[in-house]
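> Quick one: sequence plus predicted model below, questions after.
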Amino acid sequence: MPPYLQGLAIGLAYVAPIGMQNLFVINSALTQPRRRALLTALIVVFFDVTLALACFFGIGALMERFTWLQLIILLAGGATVVWIGVGLLRDKPTMDQTVEVNVPLPRVAAKACVVTWFNPQALIDGTMLFGGFRAGNPGAVSSQLILGSSTASFLWFFGVTILISCFSARFNDKILRVINIVCGCIIIFYGLKLILRFFQLIL
């Protein structure tokens, strides 16, 4: 599979699992006019992509310089990513109608920023996944991977917003469960690839 498409698939698996970002976007699409829901999705995409780029150019760049850090991140990152995937397979998300969405756009931006940039789990997951792009792949390949992953953020959040606003009556907990199962399998596969890369480097 071309690196860009691989990054796109991994990116979709990374953003699709149901967390606070997705619940906010989903409930916005269910309760707000489509134009307002799309603006909310755009705000979420901005913070999601900037976090991914920061993880890629920050810790990813350091790993290119220090081999020992690269090995640690590949092993710890691979194990963490597999653990995240297993958690997704076991999780049973539900629609949460209590999430507040009828708020001014500046407040929406502030909440999206806090949920993304001040969320330790998001920082750890992003560092392990996107830092691993640079650790486990040559420069040009890793760049295509992060580009594909960033594209996935746009496609996912805007796609979810449009889909739910059009078919809100048919969206339920079962669909959320299927999303998590598919994403969990993809993430586990990628985590195992990171671990394999670790052993290839030390042998």
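Nice, thanks for sending it over.
> what number of residues lie near residue 186?
By other Cβ atoms under 10 Å, the residues close to residue 186 number 17. Any C-beta I mention is one placed from the backbone N, CA and C, and that applies to glycine too.
> right, I mislabeled it, should have said residue 79
16.
> three-state assignment of it?
Secondary structure, DSSP: H, G, I helix; E, B strand; the rest coil: residue 79 is helix.
> Surely it and residue 191 touch.
Yes - between residue 79 and residue 191 there is a contact under Cβ atoms under 8 Å: 7.1 Å.
> Is residue 109 within a helix or a strand, and which one?
helix 105-117 (DSSP states H and E).
> From the contact counts, what lies against that helix?
helix 20-31, helix 34-57, helix 120-136 (3 or more Cβ pairs under 8 Å, 6 or more residues apart in numbering; DSSP states H and E).
> do that again at 7 Å, thanks
Contacts defined by 3 or more Cβ pairs under 7 Å, 6 or more residues apart in numbering; DSSP states H and E place helix 105-117 against helix 20-31, helix 34-57.
> Return the most buried member of those.
helix 20-31 (a mean of 22; mean count of other Cβ atoms under 10 Å).
> Just the CA atoms of it, as CSV, please.
What follows is helix 20-31, C-alpha atoms only, in CSV (Å, rounded to 0.1, in the frame of the first residue of the first chain):
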residue,chain,number,x,y,z
MET,A,20,-14.6,13.5,23.9
GLN,A,21,-13.7,15.0,20.5
ASN,A,22,-15.9,12.7,18.6
LEU,A,23,-18.8,12.9,21.1
PHE,A,24,-18.7,16.7,20.8
VAL,A,25,-18.7,16.6,17.0
ILE,A,26,-21.4,13.9,17.0
ASN,A,27,-23.7,15.7,19.4
SER,A,28,-23.2,19.0,17.6
ALA,A,29,-24.3,17.3,14.3
LEU,A,30,-27.3,15.9,16.1
THR,A,31,-28.5,19.1,17.7
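> how big is the angle separating that helix from helix 34-57?
Helix 20-31 runs at 170 degrees relative to helix 34-57, counting by axes from the mean of the first three to the mean of the last three Cα atoms, to 10 degrees.
> Pull the CA coordinates from stretch 42-59 and hand them back as PDB.
Extracted C-alpha coordinates of stretch 42-59, given in PDB (Å, rounded to 0.1, in the frame of the first residue of the first chain):
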ATOM      1  CA  LEU A  42     -13.400  22.600  11.400                       C
ATOM      2  CA  ILE A  43     -12.300  23.800  14.800                       C
ATOM      3  CA  VAL A  44     -11.700  20.200  16.100                       C
ATOM      4  CA  VAL A  45      -9.800  19.400  12.900                       C
ATOM      5  CA  PHE A  46      -7.500  22.300  13.400                       C
ATOM      6  CA  PHE A  47      -6.400  21.300  16.900                       C
ATOM      7  CA  ASP A  48      -6.200  17.600  15.900                       C
ATOM      8  CA  VAL A  49      -3.900  18.200  13.000                       C
ATOM      9  CA  THR A  50      -1.700  20.700  14.800                       C
ATOM     10  CA  LEU A  51      -1.200  18.200  17.600                       C
ATOM     11  CA  ALA A  52      -0.300  15.400  15.100                       C
ATOM     12  CA  LEU A  53       2.200  17.700  13.400                       C
ATOM     13  CA  ALA A  54       3.800  18.800  16.700                       C
ATOM     14  CA  CYS A  55       4.200  15.100  17.700                       C
ATOM     15  CA  PHE A  56       5.700  14.300  14.300                       C
ATOM     16  CA  PHE A  57       8.200  17.200  14.100                       C
ATOM     17  CA  GLY A  58       9.000  17.200  17.800                       C
ATOM     18  CA  ILE A  59       9.600  13.800  19.300                       C
END
